[in-house]
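Trainee: Sequence first, then the predicted structure, then my questions.
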Amino acid sequence: MTKLERVRVSPYLTRSSPASQLQSGLENFSPFLYPTPYIYKQPRTSRYDRSKKQQAAPAAHIKMKLHAAVAASLLALAAAASAAGAVTFDATNTASGTPGGRRFDQAVGLGYAKRVLSDASAFIWHTFDQRSTAARKPVAAVTLVVEDIGGVAFTSGDAIHLSARYVGGYPSGGDVRAEVTGVLYHEATHVWQWDGRGAANGGLVEGIADYVRLKSGYAPAHWVKPGQGDRWDQGYDVTARFLDYCASLKPGFVAQLNAKMKDGYSDDFFAQITGKSVQQLWQDYKKYGG
Ligand SMILES: [Zn+2]
């Protein structure tokens, strides 16, 4: 966590919340779709921090009186590792002493969760058409912590936090492993997606995360059907279905949208990619997209 980090925590907003509230970058979620909200905490961007660290690193080496050549080779090694895209995936369960933590260990498991983080990351890079590491967010490690917290999950920086209580409270007849897998695809998207340096519409950020979950095949049955919803930026499944419609008009749409969101955000990105404004697209979607 850094001083530069800006954290967004979702208040308990519903679909009927005024648009002005939802436009303010807060989360929109329906209690009818999720028993508890995804809490979305994301740093503004890690890029500022990283560039600062990179600038500071040589000075630190000089202070430590390491030979300049040694320092240079260490930096070169670090750069090479970064260029090779050496991302590590790790998972821990700090709630193994709770019923939900035990259910996680039994029904999901840390080994499986690590594989999901890896598979989800590859899937996200593919969805965002980020073939080279240079095109991706500079993330060295994606971690999961299963912990005794409320809610469903949240992501802060490169760390995903999953609620053991949510796992424990999931219906006993339900496929809790598939549910956790879907949640991890959603949260892993937050690790990798651009958010317009914090300026992006919060509903869109959540919609992209659920779009990835949709395309991964782990969308739950209780989601809205295509064509449902009141606004394009309602977030989550509503926005995910809408983005799927946009992608049907323009293959690679979500990849292009995410790429544009690297340095800022404008609703006009929709028009730049498809030739139609987001409002026009939403009207078309409500007419023909169901
Ligand atoms: Zn989310």
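Mentor: Received, thanks.
Trainee: Can you pull out the low-pLDDT segments for the stretch 51-200 of the chain?
Mentor: Scanning the stretch 51-200 of the chain for pLDDT under 70 picks out the ranges 51-85.
Trainee: so who does L144 touch?
Mentor: 90-92, 113-114, 117, 159-162, 184 (C-beta atoms under 8 Å, 6 or more residues apart in numbering). Where you see a C-beta, it was placed from the backbone N, CA and C, and this is true even at glycine.
Trainee: what bridges to it?
Mentor: Beta-bridge partners for L144, by DSSP bridges, are A91, I160.
Trainee: Tell me the spacing between it and W232.
Mentor: 31 Å (C-beta to C-beta, to the nearest Å).
Trainee: Contact residues of the stretch 151-290 of the chain facing the ion?
Mentor: 206, 209 (C-beta under 5 Å from the ion).
Trainee: ranges for the strands of the stretch 151-290 of the chain?
Mentor: 153-156, 159-163 (DSSP state E, counting those that start in this stretch).
Trainee: Just list what the last one packs against, helices and strands only.
Mentor: Contact here means 3 or more C-beta pairs under 8 Å, 6 or more residues apart in numbering; DSSP states H and E; on that basis strand 159-163 packs against strand 141-147, strand 153-156, helix 176-192.
Trainee: which residues are contacting it?
Mentor: In contact with strand 159-163 (C-beta under 8 Å, 6+ apart) are residues 36, 100, 104, 117, 142-155, 180, 183-184, 187-188, 190-191.
Trainee: W232: how many residues sit nearby?
Mentor: 25 (other C-beta atoms under 10 Å).
Trainee: And the one 3 residues further on, by the same measure?
Mentor: The tally of other residues near G235 (other C-beta under 10 Å) stands at 32.
Trainee: Distance-wise, check it relative to G157.
Mentor: Distance from G235 to G157, by C-beta to C-beta: 21 Å.
Trainee: Now do the buried residues in stretch 94-114.
Mentor: 95, 98, 100-105, 107-108, 110, 113-114 (16 or more other C-beta atoms under 10 Å).
Trainee: now the end-to-end length of it.
Mentor: 15 Å (C-alpha to C-alpha, to the nearest Å).
Trainee: Start the count at 6 instead of 1 going forward.
Mentor: Okay, using 6 as the starting number, the last item reads as stretch 99-119.
Trainee: which other residues reach it?
Mentor: 94-98, 149-153, 167-175, 181-182, 185, 189.
Trainee: Any idea how many residues pack against D200?
Mentor: 25.
Trainee: Kindly apply the preceding question to D268 instead.
Mentor: 12.
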